[in-house]
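**Q** Next comes the sequence, and after it the predicted model I'd like to discuss.
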Amino acid sequence: MATLTLGAADLVRRRGLRRMRSVALSLLVLAAAIYVATLHREGGWAYLNAAAEAAMVGALADWFAVTALFRRPLGLPIPHTAIVPTRKDSLAESLEQFVTENFLSEEVVSEKMRSAEVSRRAGEWLAAGNHAERIVAEGARTVGAALPKLGDEDVTAFVRGSLLPRFVKEPLSPIAGHFVESVVEDGAHHALFDLLLEEAYDWLAANRDLLADVVGPRAPRWSPQWVDRLVIDRIHREALAWLADVRDNQSHAARRAVDRLLGQLADDLQHDPDTMARFEAWKARMLTHPDMGSSLAAVWDAMRTALIEAINDPDSTLRARAIRALQDLGKRLQDDEALRAKVDTRASEAVGYVVRTYGREIVSVISDTIERWDGREAAARIELHVGRDLQFIRINGTVVGALVGLTIHTVSQLL
């Protein structure tokens, strides 16, 4: 046998192989001993002699057959022996084809994936014990190690070289219009509008003199200054009152007007060619501005710092939410049959795609690995795994040979 690096399981296999070889050899020796002891003896001994002779023939024939698979019997250059060492490459190709056609076919793998109930098992695993915490901890460790390696120069180069040019070419007007439409439908802009009203009211209340500087020069030259001051004070009070009314009255006409304006803008961004063209032109000017790349890189740096701090903190809100999300997903996968069916279908399709696209490359590991083996090493490895069972051929050959020999001798005597 070729020199191999054996693990614990291989050592067990080798002991089993040697034990079965000893059994098969012992039966051959026993048959030979009986044959010699009963040679030229009459009566019932002749039957035993015939059985022992046939047992030796069967044992030797099957020894030759089993041995010829892995090496040349007695080192003799007999044709069609040492089959595994001399034909390992063709055997590997045949094995690869057999696995591809019968095991790694898209239909077989997809069906197995669907029947395995992967989604249910994954849900049970996620919901049980501290598995969700372990996943989040491992993910946090990986992300926490990867984020610092993304330098500002790399991010800036990616933003300027790939991200911004892509956004410049990609039409974003319909996306922006759909987003504005969703915001208006949900009323999500009301909080921002309230904030703007609050800021506008506070600013106008604190800047009465600035209003006077803006309005004063527009007064008629013949108007007395005290009249101008009265008019400016009235404008200031009315403007403040109007802002307060809009701020406090959720159904104010001005609010409805803003909603209609935003709704019309959302529609124009999706369907009006002129508005869409103006938006795309504005987008291109903004994205091609020299400071845009560095600004986005600065935003990324701030986000990265915040993410690293949140990820490295075991008690952070981010990690707690991630754990809850995984646990909720696990419960849903157990309770929601429709979700499980969808996940299993998608998983089956994904595995089927991998097998269909890369199946031959995956199975080629068999032939590639065996081709790299030395012929004797390949024979030794294969014999280590199947040799113990093959020894039963020798044992059966000895027993069956003895029975056949006994039967033939009996029939001969009767005839």
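**A** Yep, it's here.
**Q** Find the nearest non-adjacent residue to Leu39, please.
**A** Asn49 (6.2 Å; CB to CB, 6 or more residues apart in numbering). Every residue, glycine included, has its C-beta placed from N, CA and C.
**Q** Just the pLDDT at the one you found, thanks.
**A** Here the pLDDT value assigned to Asn49 is 90.
**Q** next SSE after the one helix or strand it maps to?
**A** Following DSSP states H and E, one finds Asn49 within helix 44-70. Remark: after helix 44-70, the chain's next helix or strand is helix 83-86, criterion DSSP H and E.
**Q** what's the model's confidence in that next one, averaged?
**A** Here the average pLDDT along helix 83-86 is 77.
**Q** pull the CA atoms of it into CSV?
**A** Taking Å, rounded to 0.1, in the frame of the first residue of the first chain, the C-alpha atoms of helix 83-86 are listed here in CSV:
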residue,chain,number,x,y,z
ILE,A,83,-7.0,-1.4,-12.9
VAL,A,84,-7.3,1.5,-10.4
PRO,A,85,-3.7,2.8,-10.7
THR,A,86,-3.6,2.4,-14.5
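**Q** ok, and what's touching the very next helix or strand once past that helix?
**A** The element immediately downstream of helix 83-86 (helix or strand, assigned by DSSP H and E) is helix 88-102. Here helix 88-102 makes contact (CB atoms under 8 Å, 6 or more residues apart in numbering) with 83-84, 108, 359-360, 363-364, 366-367, 370-371, 373, 375, 378-379.
**Q** cool, stretch 230-244 as well?
**A** 197, 200-201, 204-205, 208, 211-212, 215-216, 219.
**Q** Show me how far that stretch is from its chain's centre.
**A** Stretch 230-244 sits 64 Å away from the centroid of its parent chain (CA atoms, centre = their mean, to the nearest Å).
**Q** for stretch 319-326, same thing?
**A** Distance, stretch centre to chain centre, for stretch 319-326: 20 Å (CA atoms, centre = their mean).
**Q** which parts of that stretch are buried?
**A** 319, 322-323, 326 (16 or more other CB atoms under 10 Å).
**Q** Likewise for stretch 207-219?
**A** Ala212.
**Q** And stretch 105-118, by the same measure?
**A** Going by 16+ other CB under 10 Å, stretch 105-118 has these buried residues: 105-106, 109-110, 113-114, 118.
**Q** could I get the residues you listed as CSV with secondary structure and pLDDT?
**A** CSV is the format used below for these (DSSP: H, G, I helix; E, B strand; the rest coil; pLDDT from 0 to 100):
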residue, secondary structure, pLDDT
Ser105, coil, 75
Glu106, helix, 77
Val109, helix, 80
Ser110, helix, 81
Met113, helix, 81
Arg114, helix, 78
Val118, helix, 86
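**Q** The nearest residue to Ala65 once chain neighbours are set aside is in what secondary structure piece?
**A** What sits nearest to Ala65 in space, not counting adjacent residues and going by CB to CB, 6+ apart, is Ile393, at 7.0 Å. Secondary structure from DSSP H and E places Ile393 in helix 375-414.
**Q** Going by neighbour count, list what's buried in that helix.
**A** Applying 16+ other CB under 10 Å to helix 375-414 flags 375-384, 387-388, 390-391, 394-395, 397-398, 401-402, 404-406, 409 as buried.
**Q** now that helix: mean pLDDT?
**A** Mean predicted confidence for helix 375-414 is 85.
**Q** just stretch 155-168 next, same as before
**A** Mean predicted lDDT for stretch 155-168 stands at 80.
**Q** and it, how far from the chain's centre?
**A** The answer for stretch 155-168 is 27 Å, by CA atoms, centre = their mean.
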